[in-house]
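# turn this into a structure:
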Amino acid sequence: MSSQDAVTVLIEIHAKDGQEKDARDNLLHAIETSEKPGLVSSTEYEDLNDPGTFYAVQVWENVEAFHAHMQDAAEAGMSEAVQVLREHPKTAVLRTIG
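Numbering: from 1, shown residues only. Model prediction:
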C-alpha cells in the first residue's frame, strides 16, 4: 500500500431515540463480520456529548477499495441496520494534506 493512495473514511451515524444500543451494536457487528478487502484499520467511537451518535474512522488502502466495499454492502442490503437510525449514515472520504 502506498501512503499516497491511502484514504481515511469518517462514518457518522445517528440513532433514533431509544435505539441507541441497537445502533451501536449494529455498527460494531457490521465492522466485525463483513469482509473488507483493502481495509487497513477501523476504530469506532461514541460521542459523549451527543448520545446516540457514533463514528467509525477507517483507513483504506485506496478509495477504490472503499467504494467497492460500499457497493457490496448496498447489494447485500443494509435495511435492518438503518432502521434504527434517524437518517442514512454520513461518510466523508479524506486524504492527508501537507
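
# can we go C-alpha only for contacts and neighbour counts from here?
Will do.

# next one: the residue most central in space within the chain from G98, what distance?
Closest to where the C-alpha atoms of the chain average out (Cα atoms, centre = their mean) is I11, at 4.2 Å. Computed as Cα to Cα, to the nearest Å, the I11 to G98 distance reads 23 Å.

# same deal with A73?
A73 is 32 Å from G98, by Cα to Cα.

# comparing these two, which residue is more hemmed in?
Of the pair A73 and G98, A73 is the one with more neighbours under other Cα atoms under 10 Å, namely 15 against 3.

# buried residues in whatever helix or strand that one lives in?
A73 is located in helix 63-76, with elements delineated by DSSP states H and E. The neighbour-count check on helix 63-76 (16 or more other Cα atoms under 10 Å) flags V63, A65, F66, H69 as buried.

# spell out which residues sit in contact with the closest residue in space to the second one that isn't next to it in sequence, please.
The spatial neighbour of A65 that comes closest, neighbours along the chain excluded (Cα to Cα, 6 or more residues apart in numbering), is G38 at 5.4 Å. The neighbourhood of G38, defined by Cα atoms under 8 Å, 6 or more residues apart in numbering, consists of W60, E61, N62, A65, F66.

# partner residues bridging the first one?
Spelled out, it's W60. V7, L39 (DSSP bridges).

# what about it, neighbour count?
Neighbours of W60 (other Cα under 10 Å): 24.

# check contacts around it.
W60 neighbours (Cα under 8 Å, 6+ apart): A6, V7, T8, V9, G38, L39, V40, S41, F66.

# again with L85
I13, H14, A15, K16, Q19, A23.

# which residues of the chain score low on pLDDT?
Residue ranges of the chain with pLDDT under 70: 1-3, 77-80.

# so is the nearest residue to E44 once chain neighbours are set aside in a helix, a strand, or just coil?
Distances taken as Cα to Cα, 6+ apart put A56 closest to E44, at 4.2 Å, once the chain neighbours are dropped. Secondary structure assignment for A56 (DSSP: H, G, I helix; E, B strand; the rest coil): strand.
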